[in-house]
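Asks: Output the structure for:
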Amino acid sequence: MKTILIIGACGQIGSELVPALQSLDFDAVYASDKKKPPRELLEKFHSFHYLDVLDYDLLDNLVKDNNIDTIFHLASLLSAKSEKYPQMAWNLNMNGLLNVLEVGRKYNLKRIIWPSSIAVFGPTTPKRNTPNETILQPTSIYGITKVAGELLCKYYFNRYGLDVRSVRLPGIISSETLPGGGTTDYAVEIFYEAIQNNQYTCFLEKDTILPMLYMKDCIKALIHLMEADSVKLKHRIFNLTGVSFSCEQLADEIKKHIPNFSIKYQPDERQLIADSWPQSIDDSLARIEWGWEHAYNLEELTIDMLQCLRKRLL
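Replies: Prediction:
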């Protein structure tokens, strides 16, 4: 793997994945997105290309002209926003993925990494220690597109031998880029509000427990999955998690560092989505097959988030 394209590079994950990949020994790392990056982000990218993943010809030409052999496909409409615009969610999440897989098949790419989500699970899925192989009956359109996407990736692997790999990401916590319309966004917003205003109104109930992953662990996982030995992989889709906690537990952890921080709870429509998701995840297959191991627990990620954000905001 020498030449990498990141689709959706301006998003929460892409904005940190691109610099991480650029720091490694690859021939080239191309960032792409349909929106222009802010200047501070553009300065971090060695190479940026405009790309709407729904434009197949544009994608095809970009891959062909730059001899791309590996793609990270990160462009999607997230859970909460997808519920507001279900047709848009289906179009972007499914047809965008199909375009990437077709280009991968056409040019026999070495590897495609595509994030799935814990949104594939639903009310009938075991809520605790959710296994890798289990019932997938989501109630959100976002979850439906992720289940369909997983099946499509497995089809392209079995039918065409295309090396597609995926992880079911939990909520991602990052100090660099705000999330863009997910059900776990509170776990990032709360830090900004705690530092700037000493208070936060949470859109989920205080006892809502969800699986989370610190961004530094997420980036490490995506790169390790890309580099994993194909011979050792018995699965294409892997559960992934770091630590599970409730909204109240996170608030209490922040109060250890900001004693006058206060929080109130006003759950909105996102509560229904959160209630359908697991509270904890069994990611043992990822740990066995490609050595996944997270580094940050709740205490450690809270300290790191507050330190990073204070440098930027204060």
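Asks: Test my guess that Arg236 contacts Lys154.
Replies: Yes - contact criterion CB atoms under 8 Å: Arg236 and Lys154 qualify, at 5.4 Å. Glycine gets a C-beta too; all of them are placed from N, C-alpha and C.
Asks: Quick check: neighbours shared by the two?
Replies: Shared contacts of Arg236 and Lys154 (CB atoms under 8 Å, 6 or more residues apart in numbering): Val164.
Asks: neighbouring contacts of stretch 134-154?
Replies: For stretch 134-154, the external contacting residues (CB under 8 Å, 6+ apart) are 76-79, 82-83, 86, 89-90, 93-94, 97-98, 101, 112, 114, 116-117, 119-126, 164, 166, 168, 236-237, 272-273, 276.
Asks: and that stretch, which residues are buried?
Replies: Neighbour counts over stretch 134-154 (16 or more other CB atoms under 10 Å) mark 136, 138-147, 149-150, 152-153 as buried.
Asks: Kindly report the same for stretch 217-233.
Replies: Neighbour counts over stretch 217-233 (16+ other CB under 10 Å) mark 217-223, 225-226, 228 as buried.
Asks: what residue is smack in the middle of the protein?
Replies: The C-alpha lying nearest the average C-alpha coordinate of the chain belongs to Leu169 (CA atoms, centre = their mean; 5.3 Å).
Asks: so what's that one closest to, chain neighbours aside?
Replies: Pro115 (5.0 Å; CB to CB, 6 or more residues apart in numbering).
Asks: about what we covered before: relative to Gln266, which of the buried residues of stretch 134-154 is nearest.
Replies: Nearest to Gln266, judged by CB to CB, of the buried residues of stretch 134-154 is Ser140 at 20.6 Å.
Asks: Next one: that closest one from Ser174, what distance?
Replies: Using CB to CB, to the nearest Å, Ser140 is found at 22 Å from Ser174.
Asks: can you map out the strands along this protein?
Replies: Taking DSSP state E to define them, one finds strands in the chain at 3-7, 28-33, 48-50, 70-73, 111-113, 116-117, 164-169, 171-173, 199-202, 209-214, 237-239, 243-246, 262-265.
Asks: Partner strands of the fifth one and their direction?
Replies: What that stands for is strand 111-113. Applying DSSP bridges to the sheet, strand 111-113 is found paired with strand 70-73 (parallel), strand 164-169 (parallel).
Asks: ok, now the third one?
Replies: Listed by DSSP bridges, the sheet partners of strand 48-50 and their directions read strand 28-33 (parallel).
Asks: what about dumping the CA coordinates of the strand it pairs with to CSV?
Replies: Output in CSV follows, covering the C-alpha atoms of strand 28-33 (Å, rounded to 0.1, in the frame of the first residue of the first chain):
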residue,chain,number,x,y,z
ALA,A,28,1.4,9.8,-1.2
VAL,A,29,-1.7,10.6,0.9
TYR,A,30,-4.5,12.4,-1.0
ALA,A,31,-7.2,14.1,1.1
SER,A,32,-10.6,14.7,-0.7
ASP,A,33,-14.0,16.1,0.2
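Asks: just the angle between it and strand 3-7, please?
Replies: If you take axes from the mean of the first three to the mean of the last three CA atoms, to 10 degrees, strand 28-33 sits at 10 degrees to strand 3-7.
Asks: Buried residues, strand 28-33. List them.
Replies: For strand 28-33, burial by neighbour count (16+ other CB under 10 Å) applies to 29-33.
Asks: Contacts for it next, please.
Replies: 2-11, 14, 18, 21-22, 37, 45-51, 62, 66, 68, 75.
Asks: What subset of those is buried?
Replies: 3-11, 14, 18, 21-22, 37, 45, 48-49, 51, 62, 68, 75.
Asks: okay but Phe48 is in contact with Leu42, surely?
Replies: Yes - assessed by CB under 8 Å, Phe48 is found in contact with Leu42 at 6.2 Å.
Asks: circling back: burial measure for the residue nearest to Leu169, as a count.
Replies: Close neighbours of Pro115, defined as other CB atoms under 10 Å, add up to 23.
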